[in-house]
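*Asks:* predicted model, plus sequence, below.
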Amino acid sequence: MNQDQLKRQAAEKVVEFLPSGGVLGVGTGSTVNHFIDVLADVKGRFDGAVSSSEASTERLKAIGMQVLDLNSVGELEVYVDGADESNHQLELIKGGGGALTREKIIAAASKQFVCIADASKLVSCLGEFPLPVEVIPMARSYVARELVKLGGNPVLREDFITDNGNVILDVHGLEIMEPIKMETEINNIVGVVTVGLFASRGADVLILGDEAGARVITP
């Protein structure tokens, strides 16, 4: 199977973890796009969805799903999203698509976070994938200097502005042995909106598309 087929496999498996009603949290990215396609067949079970990006919002509307504001719905039962990397404790790196801040907000507001990915995303140590950090534009240089002190090599994501109007620094060269500690340190840098480490609130379930079939992993 190619990577796209593995992503689809994970997206189809996640239907088993969805509630029978209420509002869904929906993330962003190529694997989530497969999930939204799958959701088209079961959308009648739900009152709507809260979306983490403009791109996912448009895709959800295209399948006839009502997209709601998080402030109007309260706590969500389930949030479904992908990841750029996951370790075996289901601590994640996210933000390759640039929607990390809204994704983190929805994850925090959800009772259960189900992560879907292809098997290549499971790693023993986070950091090979460059760590995204969303930054207020005027703080870009200052934040970059602080990230260098933490051992990283921050690179501005060219020609990219987040849905929140901010920039992203992708931090290369990190070996993240203590994800929760690093998440806290980076979030405490003045000018950082949020970092793409989902460790303090990681996934509750990881569904991996694999050659041998979809694998379900819990911490």
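*Replies:* Thanks, I have it.
*Asks:* for the rest of this, base every contact and every neighbour count on C-alpha atoms.
*Replies:* Noted.
*Asks:* how about stretch 172-192: buried residues?
*Replies:* Residues of stretch 172-192 classed as buried: 172, 174, 176, 179, 180, 182, 183, 186, 187, 189, 191, 192 (neighbour count, 16 or more other CA atoms under 10 Å).
*Asks:* hmm, I typed the wrong one, I wanted stretch 116-128.
*Replies:* Counting neighbours by 16+ other CA under 10 Å, one finds that the buried residues in stretch 116-128 are 116, 117, 118, 119, 121, 122, 125, 126, 127, 128.
*Asks:* which ones among those residues map onto strands?
*Replies:* The strands, defined by DSSP state E, take in 116, 117, 118 from these.
*Asks:* for the first one, give me its contacts.
*Replies:* Think residue 116. Taking CA atoms under 8 Å, 6 or more residues apart in numbering as the contact definition, residue 116 lies against 7, 10-11, 14, 31-32, 80-83, 206-209.
*Asks:* now residue 11: how far from residue 167?
*Replies:* 30 Å (CA to CA, to the nearest Å).
*Asks:* domains in the chain, by residue range?
*Replies:* The record, using automatic domain parsing to delimit domains, assigns the chain the ranges 3-123+200-217, 131-196.
*Asks:* returning to that earlier point: between residue 11 and residue 167, who's got more neighbours?
*Replies:* Comparing residue 11 with residue 167 by other CA atoms under 10 Å, the one with more neighbours is residue 11, at 30 against 26.
*Asks:* pretty sure residue 96 sits against residue 134.
*Replies:* No - counting by CA atoms under 8 Å, residue 96 does not reach residue 134; the two are 11.1 Å apart.
*Asks:* thank you, goodbye.
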